[in-house]
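Visitor: here you go, sequence then predicted model.
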Amino acid sequence: MSEFERIGPEPARQLLEQGAAVVDIRDPQSFANGHISGARHLDNQSVSAFVADADRERPLIVCCYHGNSSQPAAAYFAEQGFARVYSLDGGFELWRVQFPDRIAHPATDA
């Protein structure tokens, strides 16, 4: 059975610095208003293309608002063969409190 791990913002930051990918499953407007630097927005229409093209050996962090919706999404990615999948506990809301300097906004993230 494929599994994922729940991690907080600090271990997630360390993984990102080591080259992990991060996907954000919040609604498009929330993502556009601010997201973890380097995050890719995924929704029901884009997830299959992401799965098909992604490096499944690269660690993957899944982010939502508070860390609840990211858990079933992380389980899905683990079932799709991603080797190391993480759900961000506290989600974007906790991330932005702990790392306000690591937030991308539409004006700065082209």
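Guide: Happy to help now that I have it.
Visitor: contacts, neighbours, all on C-alpha from now
Guide: Will do.
Visitor: show me the helices in this structure, by range?
Guide: Taking DSSP state H as the criterion, the chain contains helices spanning 9-17, 28-33, 47-53, 70-79, 91-98.
Visitor: what comes up buried for the longest one?
Guide: For helix 70-79, the neighbour count (16 or more other CA atoms under 10 Å) marks Ser70, Gln71, Ala73, Ala74, Ala75, Tyr76, Phe77, Ala78 as buried.
Visitor: so how far is it off the chain centroid?
Guide: Centroid displacement of helix 70-79 relative to its chain, using CA atoms, centre = their mean, to the nearest Å, is 11 Å.
Visitor: only alpha carbons, please: show that helix as PDB.
Guide: What follows is helix 70-79 as a C-alpha-only set of coordinates in PDB (Å, rounded to 0.1, in the frame of the first residue of the first chain):
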ATOM      1  CA  SER A  70      -3.800  17.700   1.000                       C
ATOM      2  CA  GLN A  71      -3.900  14.300   2.800                       C
ATOM      3  CA  PRO A  72      -6.200  12.500   0.300                       C
ATOM      4  CA  ALA A  73      -4.400  14.200  -2.600                       C
ATOM      5  CA  ALA A  74      -1.000  13.100  -1.200                       C
ATOM      6  CA  ALA A  75      -2.400   9.500  -0.900                       C
ATOM      7  CA  TYR A  76      -3.500   9.700  -4.500                       C
ATOM      8  CA  PHE A  77       0.000  10.700  -5.600                       C
ATOM      9  CA  ALA A  78       1.600   7.900  -3.600                       C
ATOM     10  CA  GLU A  79      -0.800   5.500  -5.300                       C
END
